[in-house]
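Colleague: with the input below, show me the fold.
(one chain, ligands or ions: 2)
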Amino acid sequence: MRPNSQALKQRSLHETEREFGGTLGAVCIPVLLPLTVLFLISVSRSPEASLLQWPPVLPSTHQLWDPVALVLLLGWIALHALLYAMPLGKVSEGLTLRDGTRLKYPINGFLGLCVSGVLLILLLELGAPLGSLFELLLPLAVCAIALSFLFSIYLYIRSFWAPSHALALGGNTGNPLYDFFIGRELNPRIGNFDFKYFCELRPGLIGWVVLNLGMLMKEVELRGSPSLAMMLVNSFQLLYVADALWNEEAVLTTMDIVHDGFGFMLVFGDLAWVPFTYGLQASFLVEHPQTLSPLGSLTIIALNGIGYYIFRKSNSQKNQFRRDPTHPSVARLETIATATGKRLLVSGWWGLVRHPNYLGDLLMALAWSLPCGFSHLLPYFYVIYFTVLLIHREDRDERQCRAKYGLAWDTYCRRVPYRIFPYIY
Ligand SMILES: NC(=O)C1=CN([C@@H]2O[C@H](COP(=O)(O)OP(=O)(O)OC[C@H]3O[C@@H](n4cnc5c(N)ncnc54)[C@H](OP(=O)(O)O)[C@@H]3O)[C@@H](O)[C@H]2O)C=CC1
Ligand SMILES: CC(C)CCC[C@@H](C)[C@H]1CC=C2C3=C(CC[C@@]21C)[C@@]1(C)CC[C@H](O)C(C)(C)[C@@H]1CC3
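Modeller: Ligands and ions are numbered 1, 2, ... in the order given. The predicted structure is shown next:
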């Protein structure tokens, strides 16, 4: 073991601050969040669709298990694993790791989305009942949750064979429950197959838009044609997913890939939470049709467009700056120096608020809920959860940046006082 990785390991074991409520959070979250997924799906299909309904809607056992769901889920993951492993598209390098090396990642996620699209069109042509995904939502979610647990156990066990420099600093506390939850190994791989990178963008994210399409087809089955509200939700979320895959390389600089270990939180987040809760608006619309006025629709489209513009421009600006600060698109921006040698942007998008990308993402989140009207709270679950997630994430990032950049970070905070919402927060 190299001396500095030994030192890092010691630091991690003794000084790591526990996140997400520490051990208590690590015990409660894996129990509560899977139940939340099942509860939300059940509520979205109930006539009342009320989050405050008591007694809560409890699905029966036969609604929870269907072997077809297991076959579909495993087949879906295998298809994307195959597409990931095929030598197609370019290969990019991640940021430099603690041992000085850089991992290679295939950039072919958008191709995975296109292949999925073509396969779906073929299936529709062949008359496949895509609308049945509506009935399969609960069993599919049950299988995804079970798989998340099994996969996280595998990841936890195999992490004990990883060298110390390959462990995430935050997930190496020695407390098995907490480390299982946060994730011990930073980039678990078999050969060149990177589990975290694969799960972050492919089966769950593409699965989410396929489920949305299933909800749209169910609406067609029930009412003859898709509603405007359903088409807006489908298009907005497809844009979001296509954008993530088109800009796949940018994921290599996100907190999840660079900093967080791959444990239950991210496995479950990627494979179960994203596909089954991010598209709740679509499953809600199947049973609760909404009528939108032309003005209302245009306002919602404009809101999504503004959110997307802020989200994309700010993410691209920072990504470009981190990859090549001399690039003409970012070279003229004002920056401040830090002791690490890296600079911080204090003008452009990153001079407006400290997380302009979160602001754009939140505006889009609101635009995804508005097509569902104002009669129910459930379609607003995503935007409420997402606000909490991003405020918490901003706080985590802030602490990491303060530890990394010290006084320079304080200077940045004085220059750019608002975190996410200008003049508000
Ligand atoms: N849909 C979803 O569920 C979720 C979506 N997201 C989205 O993912 C995207 C990525 O978010 P996330 O990974 O949280 O974090 P960011 O992309 O915002 O990255 C934060 C990092 O950026 C760098 N940075 C911060 N300020 C500056 C600055 N002024 N100049 C230059 N670099 C700076 C720092 O890293 P360093 O200096 O080391 O480069 C910091 O740690 C966002 O758009 C977010 O909205 C995130 C979570 C969930
Ligand atoms: C289960 C818990 C409550 C929380 C789990 C959090 C995860 C669901 C999210 C953590 C960071 C994410 C990102 C995206 C999806 C959600 C998770 C995994 C992202 C892939 C969505 C698309 C974006 O364009 C992105 C910037 C690529 C996102 C990266 C972070």
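Colleague: what helix or strand does the residue lying closest to residue 283 once chain neighbours are set aside sit in?
Modeller: Spatial nearest neighbour of residue 283, chain neighbours left out: residue 44 (4.5 Å); criterion: Cβ to Cβ, 6 or more residues apart in numbering. In this view, the C-beta of every residue, glycine as well, is placed from N, C-alpha and C. Using DSSP states H and E, the element containing residue 44 is helix 22-45.
Colleague: is that helix anywhere near ligand 1?
Modeller: No. Figure legend: helix 22-45 not in contact with ligand 1 (Cβ under 6 Å from any ligand atom); closest approach 13.6 Å.
Colleague: sorry, back to before: quick check, the residue nearest to residue 283 in contact with residue 378.
Modeller: Yes. Using Cβ atoms under 8 Å, residue 44 is in contact with residue 378, at 5.9 Å.
Colleague: which residues are common contacts for the two?
Modeller: 280, 284 (Cβ atoms under 8 Å, 6 or more residues apart in numbering).
Colleague: can you pick out the residue with more neighbours from the two?
Modeller: Each of residue 44 and residue 378 has its neighbours counted (other Cβ atoms under 10 Å); residue 44 has more, 27 against 22.
Colleague: now whichever helix or strand residue 404 is part of: average pLDDT?
Modeller: Element membership of residue 404, judged by DSSP H and E, is helix 381-405. Helix 381-405 carries an average pLDDT of 92.
Colleague: can you give me the buried ones in it?
Modeller: 381, 382, 383, 385, 386, 390, 394, 396, 397, 400, 401, 405 (16 or more other Cβ atoms under 10 Å).
Colleague: relative to ligand 2, how far out is the third one?
Modeller: When distances are taken as Cβ to the nearest ligand atom, to the nearest Å, residue 383 and ligand 2 turn out to be 14 Å apart.
Colleague: tell me the spacing between that residue and residue 205.
Modeller: Distance of residue 383 to residue 205, given as Cβ to Cβ, to the nearest Å: 18 Å.
Colleague: so residue 277 sits against residue 383, correct?
Modeller: No. Counting by Cβ under 8 Å, no contact exists between residue 277 and residue 383, whose distance comes to 11.8 Å.
Colleague: interface residues of this protein facing ligand 2?
Modeller: Going by Cβ under 6 Å from any ligand atom, the residues of the chain near ligand 2 are 33, 200-201, 205, 243-244, 251, 254, 256, 265, 268-270, 273-274.
Colleague: OK, contacts around the closest residue to ligand 1 within the stretch 1-150 of the chain?
Modeller: In the stretch 1-150 of the chain, the residue that lies nearest ligand 1 is residue 95 (8.3 Å; Cβ to the nearest ligand atom). Going by Cβ under 8 Å, 6+ apart, residue 95 touches 102, 252, 253, 258.
Colleague: do that again at 6 Å, thanks
Modeller: Residue 95 is in contact with residue 258, counting by Cβ atoms under 6 Å, 6 or more residues apart in numbering.
Colleague: report pLDDT for it.
Modeller: Per-residue pLDDT puts residue 95 at 82.
Colleague: kindly report the same for residue 4.
Modeller: We note a pLDDT of 36 for residue 4 in this prediction.
Colleague: circling back: for the residue nearest to residue 283, give me its contacts.
Modeller: Residue 44 neighbours (Cβ under 6 Å, 6+ apart): 280, 283, 284, 378.
Colleague: tell me the one among those nearest to residue 335.
Modeller: Lowest distance from residue 335 to the contacts of residue 44 (Cβ to Cβ) belongs to residue 280, with 40.7 Å.
Colleague: apart from its chain neighbours, what residue comes closest to that closest one?
Modeller: Counting by Cβ to Cβ, 6+ apart, the residue nearest residue 280 is residue 44, at 5.2 Å.
Colleague: any idea how far the one you found is from residue 239?
Modeller: Between residue 44 and residue 239 the distance, using Cβ to Cβ, works out to 22 Å.
Colleague: ok, residue 425 next?
Modeller: Counting by Cβ to Cβ, the gap from residue 425 to residue 239 is 26 Å.
Colleague: ok, those two, which is more surrounded?
Modeller: Ranked by neighbour count (other Cβ under 10 Å), residue 425 and residue 239 place residue 239 first, with 15 against 11.
Colleague: which SSE is the more buried one in?
Modeller: Using DSSP H and E, residue 239 falls within helix 228-246.
Colleague: how about the residues of the stretch 301-425 of the chain by ligand 1?
Modeller: 311, 315, 318, 321-322, 342, 344-345, 350, 355, 357-358, 361, 393, 397, 400-401, 412.
Colleague: make it 8 Å
Modeller: Contacts of the stretch 301-425 of the chain with ligand 1, taken as Cβ under 8 Å from any ligand atom, map to 311, 314-315, 318-319, 321-322, 335, 342-346, 350-351, 354-355, 357-358, 360-362, 365, 386, 389-390, 393-394, 397, 400-401, 404-405, 412, 416.
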